[in-house]
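A.B. asks: got a predicted structure plus its sequence, pasted below:
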Amino acid sequence: MFGRRFKLFKLLGFQVSIDLSWIFIAILVAWSLSEGFFPHYYQHLSLETYWVMGVVGALGLFISVIVHEFAHSLVARQFGLPMKGITLFIFGGVAEMGDEPSSPKVEFFMAIVGPITSILLAVIFYWMADLGKQSFWSTPIFGVLQYLGFINAILAGFNLLPAFPLDGGRVQRSMSYQQTLTRQALEGEPVSRFMKRDPLTVPSSLSVKDFVEDYIYTHHYKMFPVMDDGKLLGYVTTKQVQQIPRGEWEQHTVGEIHLPSSSEISISPNTDAVKALGQIRRTGNSRLLVTEGDHLVGVISLRDLMDFLSMKVELER
């Protein structure tokens, strides 16, 4: 990946090196700042001042990139990943890992900490520039600080682009990994394996007030099957309750507000768990009725699926 490079220094156990390509880009940045950026925004200064601002601005960019990569490296070390060091090259910088992240979680946190660090640097530099302007610091000082705030904001935005190996691409990939692991763990498993049998049901004659107090507030579910004499009538959710004014809860019953069972809220016990998960996500229902014909045989929730997934991954790790 790199050509000829030189070791600069070692900090917190990480070796910082520079590729020859970075020297080229550093000179280019200093020149563009001195001859274009700063003269355009801060006029009537001397040529020498513009070049000092340009060199300091390039040095500030250099330090900002190192801080960005150090954030990646520190998080990686926290998760036990071996780090070879940090190298600056023509496209910026890279924290060299000795191994790939061990899980989507590790890759996500490793990736997201870089843009977060750059955003924090942007806020700090903008705050310092504003403080300097109010305190009547010289134009070159708050000019360079404003530039560093701007360039760190750009660095954060650029790294959040969903293109690997940018940080945004790594974040996106860790969502893809999670989906793949979830599918692999649940695929082929029938809903009947981890549904809740003999679920709590609500009689249609129950008042809305008692339903809220004795069921919703007690068991913390948003959906309950409605049954009378072992026959499934449908289901009732917190949404139906919200349509009744609170002062009228005692005057209405569950039977008046419940909804009939439908394909969106019900599922067969033989259905693949992956399909059940997709149905939960697609419809936004936190729980599904598991039915055989007109008979209720269980209830399954997103939490049931995630608990099963967590247990299976833990046992098969």
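C.D. replies: Perfect, I can see it now. None of these values were measured; they are calculated from a predicted model.

A.B. asks: poorly predicted segments of the stretch 1-150 of the chain, please.
C.D. replies: Scanning the stretch 1-150 of the chain for pLDDT under 70 picks out 1-6, 9, 11-12, 14, 21, 79-111.

A.B. asks: quick one, phi/psi of the residue nearest to residue 147 when sequence neighbours are not counted?
C.D. replies: Take residue 147 and drop its neighbours on the chain: the residue closest to it by Cβ to Cβ, 6 or more residues apart in numbering is residue 57, 5.1 Å away. C-betas here are computed from N, CA, C, even on glycine. Reported as degrees, to the nearest 10, the phi and psi values for residue 57 are phi -60, psi -40.

A.B. asks: how close does residue 57 sit to residue 50?
C.D. replies: Noted for residue 57: a distance of 10 Å to residue 50, by Cβ to Cβ, to the nearest Å.

A.B. asks: list residues touching both of those two?
C.D. replies: Taking Cβ atoms under 8 Å, 6 or more residues apart in numbering as the contact criterion, the common neighbours of residue 57 and residue 50 are 33, 38.

A.B. asks: of these two, who's got more company?
C.D. replies: Between residue 57 and residue 50, counted using other Cβ atoms under 10 Å, the more crowded position is residue 57 (25 against 20).

A.B. asks: so who does the more buried one touch?
C.D. replies: Counting by Cβ under 8 Å, 6+ apart, residue 57 makes contact with 29, 30, 33, 37, 38, 144, 147, 148, 151.

A.B. asks: how close does residue 286 sit to residue 31?
C.D. replies: For residue 286, the distance to residue 31 - Cβ to Cβ - is 59 Å.

A.B. asks: circling back to that earlier point, make TSV from the contacts of residue 57 and add neighbour count and distance to residue 290 to it.
C.D. replies: Output for those, formatted as TSV (neighbours: other Cβ atoms under 10 Å; distance: Cβ to Cβ, whole Å):
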residue	neighbour count	distance to residue 290
29	19	62
30	19	67
33	24	65
37	19	64
38	24	68
144	25	65
147	24	61
148	24	58
151	22	56
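
A.B. asks: let's see which of those end up in strands.
C.D. replies: Assigned to strands by DSSP state E, none of these qualify.

A.B. asks: of those residues, closest to residue 18?
C.D. replies: Ranked by distance to residue 18 (Cβ to Cβ), those are led by residue 29 at 14.0 Å.

A.B. asks: what's the distance between that closest one and residue 292?
C.D. replies: As for residue 29, its distance to residue 292 is 69 Å (criterion: Cβ to Cβ).

A.B. asks: same question, residue 49
C.D. replies: Taking Cβ to Cβ, one finds residue 49 at 82 Å from residue 292.

A.B. asks: rewinding a little: gap between the residue nearest to residue 147 and residue 114?
C.D. replies: From residue 57 to residue 114 the distance is 21 Å (Cβ to Cβ).

A.B. asks: repeat that for residue 236.
C.D. replies: From residue 236 across to residue 114, the span is 47 Å (Cβ to Cβ).

A.B. asks: list phi and psi for residue 202.
C.D. replies: Per degrees, to the nearest 10, the backbone of residue 202 is at phi -120, psi 130.

A.B. asks: next: residue 228.
C.D. replies: With angles defined as degrees, to the nearest 10, residue 228 sits at phi -130, psi 120.

A.B. asks: which ones are touching it?
C.D. replies: Residue 228 sits in contact with 203, 204, 205, where contact means Cβ under 8 Å, 6+ apart.

A.B. asks: for the first one, which non-adjacent residue is spatially closest?
C.D. replies: What that stands for is residue 203. Nearest residue to residue 203 in three dimensions, chain neighbours excluded: residue 228, at 6.0 Å (Cβ to Cβ, 6+ apart).

A.B. asks: need the pLDDT of that neighbour.
C.D. replies: What the model reports for residue 228 is a pLDDT of 92.

A.B. asks: which residues does it bridge with?
C.D. replies: Assessed by DSSP bridges, residue 228 has beta-bridge partners residue 231.

A.B. asks: tell me where the protein has strands.
C.D. replies: All strands of the chain, identified by DSSP E, fall at 5-11, 14-19, 83-89, 92-97, 223-228, 231-237, 266-267, 287-292, 295-301.

A.B. asks: now residue 190: closest residue in space that isn't a chain neighbour?
C.D. replies: In space, residue 190 is closest to residue 270, 5.3 Å off (Cβ to Cβ, 6+ apart).

A.B. asks: hang on, isn't the one you found packed against residue 189?
C.D. replies: No: using Cβ atoms under 8 Å, residue 270 makes no contact with residue 189, being 10.9 Å away.

A.B. asks: these two: which is more packed in?
C.D. replies: Using other Cβ under 10 Å, the more surrounded residue of residue 270 and residue 189 is residue 189, with 17 against 10.

A.B. asks: hmm, back to that, mind listing what the residue nearest to residue 190 touches?
C.D. replies: Neighbouring residues of residue 270 by Cβ under 8 Å, 6+ apart: 190, 191, 192.

A.B. asks: only whichever of the residues you listed are buried, select them in PyMOL.
C.D. replies: Those of the contacts of residue 270 that count as buried under 16 or more other Cβ atoms under 10 Å are selected in PyMOL with:
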select buried, resi 191+192
